[in-house]
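take a look and give me a structure for this.
(chains A, B and C)
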Amino acid sequence: MTAALFLAHRISAMVLALAVAVHLATILYAIRGGLTAADILARTHGNIGFFAFYSAFVAAVAFHAPIGLRNVIREWTPWRGPSLDAVLAAVAVALLVLGMRAVIAVYVA
Amino acid sequence: MMRASHRQPGYVAALLHRLSGIALAIFLPLHFLALATALNGAAALDSFLAITHAPLVKASECLLVAALATHMTLGLRILAVEFLNIRERTVAVLTGCAAAVCAVGLAFLLNVV
Amino acid sequence: MRPETLNVEVWRGGERGAFQSFTVPRRQNQTVLDVVTEIQREQDPTLAYRFACRVGMCGSCAMVVNGRPRWTCRTRVSEAAPADGALRLEPLRNFTIVKDLAVDMAQFFDKWRDAHGYFEPGARPAADFATVPPATPARQAADVAIECIGCGVCYSACDVVAWDEDYLGPAALNRAWTLVNDVRDAGQAARLAAVAGDDGCQCCHTHMSCTSFCPKAIAPTYSIAGLKRSLFWQALKGGAR
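Okay, the predicted model is just below:
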């Protein structure tokens, strides 16, 4: 891992530390008595606070997961080099797109 | 004979950290796709959530929540070692992490069954 | 009642080879080095192994004893193979085997050089002696890591070296950290660049086997963490520029 990737990975980790703590607390609170779409959407619909929070969450994950996977693949498989970096960059974009799609979905639904 | 480095608590922690990370990375796109069914309306999300009532799914969810808690607590340990310039008592720290993961997993389990 | 004899399995050959079994008498206060020496002198003179000082100062006798890299002169048989246990002796892991228990240390020291683990005096010699108070944080950071004698135990123990043979490794990075904290050194920029790449300090995943097994009680993990911090702040400031 280069210094730049390390920077992105550790900063996204710090963001995720907060985001995951909030997310876990929310999960544990929300699942009491069963979880329905109505419950979820009542919280997130039109809620700009949640939108901003989950957008930051998605952005952090889009950096953090591919860089982490890069370490694992380089160390546990023979694959390395520009082809791996290109594929993982695509994974990052995919996570960003799918993630924002989900965030928008629960905001507008 | 297992090499001594694989019997170190730091190695076990790193392995759990790595495996939980891989599990979360695989799960995440599925999570995003599931939530995005709400684009087709609340009923679409509800019909997806219906499958989460199955016991196997609930067990998997519990494991995923545990994986998330594992990855976060062990990640906090790494951030502490790297940025706070501390000399940790590894076994004590890892025991604390394990306790936190059990607490979170149990809280989820008790509320979801 | 202590058993009379000790069974010893010793790696013979190079990368390809096999374990050969020997039996030696168990003696009071016997060290693993005593055992290897007895085998080589009394039973099989073709056995290749290294030692020098035999009193825990030089690090030449390092090898893997029952799965753990350590100094054979400082390992009592009673601790490594208690009761009727056996001994299994292998060369240090992550090194190219020369023969039997002797390994080629060249790559280890090449990485020391690649990590800039050497003092850089700069183009112009200093006009006078440097004043370095021992209690300053930088000197303290260097002092806790300075006693490394390059025995290779940490390098043998490191899982990341096993996974990525280009990784600079704990010893080289630990030495680089002591020099990063040396206020007299003039090669800091080049040194930080040397430990920053895809095989540099960021590869360390804090398994801490190096720290657990270092016979000099050095903690390369924390030295490497220091390098990570230095590079982090440098990259952050560089990005903000």
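
contacts and neighbour counts: CA atoms only from here.
Noted.

how about the helices in the chain?
As the question left the chain open, I've gone with chain A. For chain A, the helices defined by DSSP state H occupy A:3-30, A:37-44, A:48-76, A:82-108.

chain C is the one I meant
Assigned by DSSP H, the helices in chain C fall at C:32-38, C:77-80, C:106-114, C:137-143, C:153-157, C:159-163, C:170-180, C:188-194, C:209-213, C:220-240.

TSV please, covering those helices and showing mean pLDDT.
As requested, those are exported to TSV (pLDDT from 0 to 100):
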stretch	mean pLDDT
helix C:32-38	97
helix C:77-80	92
helix C:106-114	97
helix C:137-143	96
helix C:153-157	98
helix C:159-163	96
helix C:170-180	98
helix C:188-194	96
helix C:209-213	96
helix C:220-240	90
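
quick revisit: lowest mean pLDDT across the helices of chain A, which one is that?
For the helices of chain A, mean pLDDT drops lowest on helix A:37-44, to a mean of 81.

what sits up against that helix?
Residues from elsewhere that reach helix A:37-44 (CA atoms under 8 Å, 6 or more residues apart in numbering or on different chains): A:30, A:50-51, A:106-107, A:109, B:42-43, B:45-46, B:49.

and those, which are buried?
Neighbour counting with 16 or more other CA atoms under 10 Å in any protein chain shown marks A:30, A:50-51, A:106-107, A:109, B:42, B:45-46 as buried within the contacts of helix A:37-44.

tell me who's in contact with the residue most central in space within chain C.
When CA atoms, centre = their mean is applied to chain C, the residue found nearest the centroid is residue C:152 (2.6 Å). The contact partners of residue C:152, by CA under 8 Å, 6+ apart, come to C:62, C:92, C:108, C:171.

please work out the angle formed by the directions of the lowest-mean-pLDDT helix or strand in chain B and helix A:82-108.
Between all helices and strands in chain B, the lowest mean by mean pLDDT, DSSP states H and E belongs to helix B:42-50, at a mean of 81. Counting by axes from the mean of the first three to the mean of the last three CA atoms, to 10 degrees, helix B:42-50 lies at 120 degrees to helix A:82-108.

dump the C-alpha coordinates for helix B:42-50 into CSV.
What follows is helix B:42-50, C-alpha atoms only, in CSV (Å, rounded to 0.1, in the frame of the first residue of the first chain):
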residue,chain,number,x,y,z
ALA,B,42,-42.3,0.8,-0.1
ALA,B,43,-44.2,-2.3,-1.0
ALA,B,44,-41.2,-3.5,-3.0
LEU,B,45,-38.9,-3.1,0.0
ASP,B,46,-41.4,-4.8,2.2
SER,B,47,-41.7,-7.9,0.1
PHE,B,48,-37.9,-8.1,0.2
LEU,B,49,-37.9,-7.7,4.0
ALA,B,50,-40.3,-10.6,4.2
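
looking just at contacts, which helices and strands does that helix meet?
Where contact means 3 or more CA pairs under 8 Å, 6 or more residues apart in numbering or on different chains; DSSP states H and E, helix B:42-50 is packed against helix A:37-44, helix B:9-36.

ok, now with 7 Å
helix A:37-44 (3 or more CA pairs under 7 Å, 6 or more residues apart in numbering or on different chains; DSSP states H and E).

buried residues in the helix it packs on?
Going by neighbour count (16+ other CA under 10 Å), the buried part of helix A:37-44 is A:37, A:40-41, A:44.

CA-only coordinates of that helix in PDB, if you can.
Extracted in PDB, the C-alpha atoms of helix A:37-44 (Å, rounded to 0.1, in the frame of the first residue of the first chain):
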ATOM      1  CA  ALA A  37     -40.200  -0.900   5.100                       C
ATOM      2  CA  ALA A  38     -42.600   1.700   6.600                       C
ATOM      3  CA  ASP A  39     -40.400   1.900   9.700                       C
ATOM      4  CA  ILE A  40     -37.200   2.400   7.700                       C
ATOM      5  CA  LEU A  41     -38.700   4.900   5.200                       C
ATOM      6  CA  ALA A  42     -40.500   6.900   7.900                       C
ATOM      7  CA  ARG A  43     -37.100   7.700   9.300                       C
ATOM      8  CA  THR A  44     -35.300   8.400   6.100                       C
END
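
now render the buried ones among the contacts of helix A:37-44 as a markdown table, adding distance to residue C:225.
A markdown table is the format used below for the buried ones among the contacts of helix A:37-44 (distance: CA to CA, whole Å):
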| residue | distance to residue C:225 |
| --- | --- |
| A:30 | 39 |
| A:50 | 35 |
| A:51 | 36 |
| A:106 | 41 |
| A:107 | 41 |
| A:109 | 46 |
| B:42 | 48 |
| B:45 | 45 |
| B:46 | 47 |
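
quick check: of the residues you listed, which lies closest to residue C:101?
Proximity of the buried ones among the contacts of helix A:37-44 to residue C:101 (CA to CA) peaks at residue A:30, which lies at 60.5 Å.

so what's the gap between stretch A:43-57 and the chain middle?
A distance of 13 Å separates the centroid of the chain from that of stretch A:43-57, by CA atoms, centre = their mean, to the nearest Å.

please disregard the earlier target; I meant stretch A:41-59.
13 Å.

how about stretch A:40-60?
Distance, centroid of stretch A:40-60 to centroid of chain: 12 Å (CA atoms, centre = their mean).

could you do stretch B:19-38 as well?
In terms of CA atoms, centre = their mean, the gap separating the centre of stretch B:19-38 from the centre of its chain is 12 Å.

average model confidence for it?
Stretch B:19-38 comes out with an average pLDDT of 93.

okay, buried residues for it please.
Buried-residue list, stretch B:19-38, by 16+ other CA under 10 Å: B:19-22, B:24-25, B:28-29, B:32, B:35-38.

follow-up on the earlier one: tell me which of the contacts of helix A:37-44 is nearest to chain C?
residue A:51 (27.6 Å; CA to the nearest CA).

got the phi/psi numbers for residue C:200?
When quoted as degrees, to the nearest 10, the phi and psi of residue C:200 stand at phi -100, psi -160.

how about it, what does it touch?
By CA atoms under 7 Å, 6 or more residues apart in numbering or on different chains, residue C:200 lies in contact with C:167-168.
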